[in-house]
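Student: this one's sequence-less:
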């Protein structure tokens with residue numbers, strides 16, 4: 001399953017997040033895969049596409065960052081998959 005994760009940097013401050021990332025990496029548990037990310041132009045949010053079979057791994061990863069980031073996570077499918085679902089009913 002793929003997840004679109006919206007990270008809101010606490011106090012709108014990306015510096016602590018990037019400092020931890022540089023020193024410790026993504027902190028993703030085995031089985032959670034980073035696909036791509038984008039950062040808002042004002043540097044207050046990050047949008048990450050992640051993938052895993054066990055949603056508990058996503059929770060574990062978010063807990064490792066919860067002191068610096070608040071999260072929203074949405075299970076997502078591709079537009080092509082959605083089109084197929086809609087057209088087949």
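Tutor: In hand now; what should we look at? Bear in mind that the values here come from a model prediction, so they are computed numbers and not experimental data.

Student: could you use CA atoms for every contact and neighbour count after this?
Tutor: Noted.

Student: where along this protein do the strands fall?
Tutor: Ranges of strands within the chain are 2-9, 33-39, 45-51, 69-76, based on DSSP state E.

Student: let me have those in CSV, extended by distance to residue 57.
Tutor: Converted to CSV, the strands of the chain look like this (distance: least, C-alpha to C-alpha, whole Å):
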stretch, distance to residue 57
strand 2-9, 12
strand 33-39, 10
strand 45-51, 10
strand 69-76, 12
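
Student: make TSV from the ones you listed and add mean pLDDT to it.
Tutor: Below are the strands of the chain laid out as TSV (pLDDT from 0 to 100):
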stretch	mean pLDDT
strand 2-9	98
strand 33-39	98
strand 45-51	98
strand 69-76	98
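
Student: export these to TSV and append columns for mean neighbour count and distance to residue 18.
Tutor: Shown next, in TSV, are the strands of the chain (neighbours: other C-alpha atoms under 10 Å; distance: least, C-alpha to C-alpha, whole Å):
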stretch	mean neighbour count	distance to residue 18
strand 2-9	20	10
strand 33-39	13	12
strand 45-51	20	11
strand 69-76	16	11
